[in-house]
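Undergrad: Need the 3D shape of this:
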Amino acid sequence: MVACPVCSRVWQLRREEIKRGSFPCPGCNERLRLPEPEGAGMMVVGSALLAVLIPYLAGAEGYTFLLVAVIIYVTVPWVATGVRLSLFLLSPYPVKLTLDTEWDVGGVLHLSDPPDSPKKP
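TA: Predicted structure coming up:
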């Protein structure tokens with residue numbers, strides 16, 4: 001179940017149907033979005049630490065150290081993202097949405113007739 005923070009309307013929506021970007025509320029048409037995930041910086045730092053520590057503790061040297069470090073540095077964020085996504089999809093708790101403040105609602109562009117041209121004598 002998903003609840004709109006503006007109109008408080010609750011509707012049935014599978015988690016797979018929620019888009020990553022902005023989408024309209026079926027009730028009030030306000031633009032909503034999922035909150036941005038936090039912790040990306042920590043994931044990069046943790047991945048870098050693991051990429052250095054694991055080959056060092058295993059005794060790898062030279063190109064082997066670099067190869068294993070790069071593989072670990074790339075693999076850890078992918079695995080962490082997969083775990084996070086599966087926890088999101090399988091979670092029994094309702095999805096919390098936020099109002100999309102980045103959405104530009106500046107209006108619709110209307111084309112009008114060109115201004116009158118100066119009259120020639």
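Undergrad: All the strands of this structure, residue numbers only.
TA: Using DSSP state E, the strands of the chain run over residues 2-3, 10-11, 22-24, 31-33, 95-96, 98-99.
Undergrad: The fourth one pairs with which strands, and in what direction?
TA: Counting by DSSP bridges, the strands paired with strand 31-33 are strand 22-24 (antiparallel), strand 98-99 (antiparallel).
Undergrad: what comes up buried for the longest one?
TA: Residues of strand 22-24 classed as buried by neighbour count (16 or more other CB atoms under 10 Å): residue 23. C-beta: built from backbone N, CA, C; applies to glycine.
Undergrad: Next: stretch 52-67.
TA: For stretch 52-67, the neighbour count (16+ other CB under 10 Å) marks 54-55, 65 as buried.
Undergrad: which residues touch it?
TA: 68-69, 72 (CB atoms under 8 Å, 6 or more residues apart in numbering).
Undergrad: and which of those is nearest to residue 99?
TA: Taking CB to CB as the measure, residue 99 lies nearest residue 72 of the contacts of stretch 52-67, at 39.1 Å.
Undergrad: So for residue 42, which of the strands paired with strand 31-33 sits nearest?
TA: For those, the distance to residue 42 is smallest for strand 98-99, at 21.5 Å, taking CB to CB.
Undergrad: wait, residue 98 sits on residue 31?
TA: No - using CB atoms under 8 Å, residue 98 is not in contact with residue 31; the gap is 10.2 Å.
Undergrad: Between these two, point out the one with more neighbours.
TA: Shown here are residue 98 and residue 31; by other CB atoms under 10 Å, residue 31 has more neighbours (17 against 11).
Undergrad: If I follow the layout properly, that one ends up in contact with residue 22?
TA: Yes - counting by CB under 8 Å, residue 31 touches residue 22, with 4.9 Å between them.
Undergrad: Next step: the contacts of stretch 52-67 restricted to helices.
TA: Those of the contacts of stretch 52-67 mapping onto helices are 68-69, 72, per DSSP state H.
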